[in-house]
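Visitor: Here is my input, please return the structure:
(2 chains)
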Amino acid sequence: MLAYILRRIAQSILVLLIVMLVTFTLPYFQVHGILAPAYQILGVHATPKNVAHWAAQNGMNHPYIVRFWNYVTQVFFHFNLGRSYKQNNSVWGIIKLYVPRTIWLALSALILTIFIAIPLGIFQASKRNTVFDYSATGSAFVLYAMPSFLLCMLVLDAFSFHWPHLPSSPPGGVAPWAMFTNPVGFILPVACLTMLSVAGLSRFMRGTVLEVLVQDYVRTAKAKGCTSRRTLFRHAFRNALGPIITILGLSIPALLGGALIIESVFNYGGLGIQTVTAATNLDIPTVLGITLLVAILTLAGNLMADIALGLVNPRIRIEGAGR
Amino acid sequence: MTDATVSPEFAVNAMVVDDSPLKFELDPGVAAAASGGPTGSDVGDEQVVTMWKQRLRIFSHNKLALASVGYLVLMTAACFLVPLIHPTNQTNQAATFGTVWNAAPSWHHWLGTDSSGYDELGRIFYGGEYSLILGFLAGFITIVVGTIYGMISGFFGGITDTIMMRIIDAFLSIPYIFLLITLIAIFNRSTVFLICIIGFTLWWPNARIIRGDALLIRQLEYSQAATSMGGGKLHIIRRHVFPNSISNIVTVATFSVADAILFLSALGFLGLGIQTPQTDWGTMLQLGTSQIQNGFWWEIFPLATVFILVVVSINYIGDAMRDAFEVRLIER
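Guide: Modelled structure (predicted):
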């Protein structure tokens, strides 16, 4: 198991290096070259001398290879993601302010998703082709086909303005514990994010459980006299757990992407809003830093899913140890 | 809205569930490859026609899928033809000063006017042109690039495959919307660039699915038979691997189109979509929902219905095609 985990970690670091290489190289393809942000920051009337000075200040007067080497060593050995062009702060400082807020949003939605999507999938599979199954599938289809911001706006309009009970925005302060001051404010954004990810996952959950329900061991369990509930939870659910864990690990990018839209709609300052602002201002270091962080979160999610898979499924554990 | 579209990353797992080697045994390529000779390929061609006919028959038994195709064709035709028959002003802001802004539906403006005074019904068709063209072209790019990449990776295997797959892992670990925003910040925002950028962002999972197919087919008997008869790698990809994974490619392409339309709408919401006075459905919905509290329902719900139905029908067509291509379900 340990060898398996170590191999997966090494793989993740390699993937991370590729992410860094790609995201670091992309700004060189800007329409006005790597110095395009200079004109954005200094204004259109910047003289070549100003631009050269700005480039020297931001370490851009080195060749590409040297810059990339510095970037990688700084990130890996000093946890230094560079300095924002636009905000008077280091990128890590910006991330430190906003990442707990995004993680809080995404994590609450992920936990709720697990508690809703899995029972829903099992229930749909065991009651397949009934009115309930059709209506659940149908609503997931529609929810999935809806632009996520449209759903959020409709929910916001309904529950915050027409039945004015719920606050339309979570607490806004960036102090570390400010987000816990008014938990009611999180109901709408978390509910929206959960709905979106349940819509994305429920069909898969149903498919997975259905696939397990036609297996021979389920038939055997029924034949030896298991009650249908015991068959479902004792035999079917435990075997469906593997694919479900994998899919939850893989759903992290979708969850973080959804969080970006949710943050914009509910005006909740997090990484998403920061990304959009930084991108429109050509604040390249901030965009790169946040992209890298999101990639790390995704890879960590996949890694944890793989480890959890090894824990619930002895076959993988043994196979991994064998190698 | 099946496994392949839930979020394209999931598709890898979906593939494992869906693909049975049986599928390929029934394929005409097998017969052609096995018999080898020129007559063999003639027989093969004849069977191709009947196989596609068979698939078409299964597809047409699905009434909801036919309705989806009908709706999609109707909507596309309307977007491109109605503005020709009944032109409305959609680009000239100066000319809208004569009209009432946010006017409720009336005999003159069937769905009212929007916050800039443009006729809402005409604008749905006008924005639809951009959304549909962008969606279909971006979907096309994802599938062409994904197929080529996946075929090369899966067929050559070994170190090539490992490197190519790690690159895909890297891109899949960045959520699409973050990658899209980064790309849009870096490149400019013209319509052509938007198509390329959305295509570039969404092709990675497709490449992975098709690579899985290629990997599987490469190991099947008929591919090995072709190799033993001296078939070159390119020949085998072209004559055996590609024809036998075409069903998967078409299905994946369908879901990509729906995803591309959805991502374009998300960009429209963030203000990074098509720039005024041109518009697309996402930008229009953003404009409509931004004043949702004023009760201008005509700026939201008609378009939302049209939009959701378009995406639902594209996804449903993809589902139905997968059913039709699933050879296990075909009774012989």
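Visitor: Pick out the residue closest to the middle of the chain.
Guide: Using chain A here. What sits nearest the mean C-alpha location of chain A, by C-alpha atoms, centre = their mean, is A:L256, with 2.8 Å.
Visitor: not quite, I wanted chain B
Guide: Geometric middle of chain B (C-alpha atoms, centre = their mean) lands on B:V257, at 2.0 Å.
Visitor: Just to check, it is in contact with B:I314?
Guide: Yes: with contact defined as C-beta atoms under 8 Å, B:V257 counts as touching B:I314 (5.6 Å). Backbone N, C-alpha and C define where each C-beta goes, glycine included.
Visitor: For the residue nearest to the centre of chain B, give me its contacts.
Guide: B:135-136, B:138-139, B:314 (C-beta atoms under 8 Å, 6 or more residues apart in numbering or on different chains).
Visitor: If we use 10 Å, what do you get?
Guide: The contact partners of B:V257, taken as C-beta atoms under 10 Å, 6 or more residues apart in numbering or on different chains, are B:72, B:132, B:134-140, B:142-143, B:202, B:310-311, B:314-315, B:317-318.
Visitor: how about the nearest residue to it, chain neighbours excluded?
Guide: Leaving aside its chain neighbours, B:V257 sits nearest to B:G139 (3.4 Å; criterion: C-beta to C-beta, 6 or more residues apart in numbering or on different chains).
Visitor: Could you pull up the residues touching the one you found?
Guide: By C-beta under 10 Å, 6+ apart, the residues touching B:G139 are B:195, B:198-199, B:202-203, B:206, B:252-261, B:314.
Visitor: again, 6 Å this time
Guide: By C-beta atoms under 6 Å, 6 or more residues apart in numbering or on different chains, the residues touching B:G139 are B:253, B:256-257, B:260.
Visitor: and whichever strand or helix holds it, which residues are buried?
Guide: B:G139 belongs to helix B:120-156 when assigned by DSSP states H and E. Neighbour counts over helix B:120-156 (16 or more other C-beta atoms under 10 Å in any protein chain shown) mark B:120-143, B:145-147, B:149-155 as buried.
Visitor: Give me the local confidence score for the residue nearest to B:T91 when sequence neighbours are not counted.
Guide: Among residues not flanking B:T91 along the chain, B:P277 sits closest, at 4.4 Å (C-beta to C-beta, 6+ apart). On pLDDT, B:P277 comes in at 81.
Visitor: average pLDDT for stretch A:315-323?
Guide: 53.
Visitor: In the helix or strand hosting A:R7, which residues are buried?
Guide: Under DSSP H and E, the secondary-structure element containing A:R7 is helix A:2-25. Within helix A:2-25, the residues scored as buried using 16+ other C-beta under 10 Å are A:4, A:8, A:11-12, A:15-16, A:18-20, A:22-24.
Visitor: How about it and chain B, touching?
Guide: Yes: Helix A:2-25 lies within reach of chain B by C-beta under 6 Å from any C-beta of the partner chain, at A:14-15, A:18-19.
Visitor: Give me the residues contacting the next helix or strand after that helix.
Guide: Tracing the chain C-terminally past helix A:2-25 and defining elements by DSSP H and E, one meets helix A:36-42 next. Contacts with helix A:36-42, where a contact means C-beta under 6 Å, 6+ apart, come from A:30, A:46, A:50-51, A:54, A:85, A:282, A:284.
Visitor: And stretch B:147-159, by the same measure?
Guide: By C-beta under 6 Å, 6+ apart, the surrounding residues in contact with stretch B:147-159 are B:161, B:164, B:207, B:210-211, B:214-215, B:218, B:237, B:249.
Visitor: Drop anything exposed from those.
Guide: Buried among the contacts of stretch B:147-159 (16+ other C-beta under 10 Å): B:161, B:164, B:207, B:210-211, B:214-215, B:218, B:237, B:249.
Visitor: For chain A, state which of those residues is nearest.
Guide: Nearest to chain A out of those is B:M164 (C-beta to the nearest C-beta; 11.0 Å).
Visitor: Tell me the confidence at the residue nearest to the closest one when sequence neighbours are not counted?
Guide: In space, and not counting its chain neighbours, B:M164 is closest to B:S153: 4.1 Å by C-beta to C-beta, 6+ apart. The model reports B:S153 with a pLDDT of 90.
Visitor: With B:S60 instead?
Guide: Each residue has a pLDDT score; the one for B:S60 is 85.
Visitor: Now it: closest residue in space that isn't a chain neighbour?
Guide: Spatial nearest neighbour of B:S60, chain neighbours left out: B:L66 (6.1 Å); criterion: C-beta to C-beta, 6+ apart.
Visitor: so the one you found is in which element?
Guide: For B:L66, the host element (DSSP H and E) is helix B:63-85.
Visitor: That helix versus helix B:120-156: what angle between them?
Guide: With axes from the mean of the first three to the mean of the last three C-alpha atoms, to 10 degrees as the basis, helix B:63-85 and helix B:120-156 are set at 130 degrees to each other.
Visitor: buried set for helix B:63-85?
Guide: Buried residues in helix B:63-85, defined by neighbour count with 16+ other C-beta under 10 Å: B:65, B:68-69, B:71-72, B:75-76, B:79, B:82-83.
Visitor: show me which of these neighbour chain A.
Guide: Filtering the buried residues of helix B:63-85 for neighbours of chain A using C-beta under 6 Å from any C-beta leaves an empty set.
Visitor: ok, those residues vs chain A, which is closest?
Guide: Of all the buried residues of helix B:63-85, chain A sits closest to B:S68, with 11.2 Å by C-beta to the nearest C-beta.
Visitor: Isn't that closest one up against B:S313?
Guide: Yes: between B:S68 and B:S313 there is a contact under C-beta atoms under 6 Å: 3.4 Å.
Visitor: still on that earlier bit, for the residue nearest to B:V257, give its distance to A:M195.
Guide: Going from B:G139 to A:M195 by C-beta to C-beta, to the nearest Å gives 26 Å.
Visitor: swap in A:S228?
Guide: When distance is defined by C-beta to C-beta, A:S228 is 29 Å away from A:M195.
Visitor: what's the pLDDT at B:L22?
Guide: For B:L22, pLDDT reads 40.
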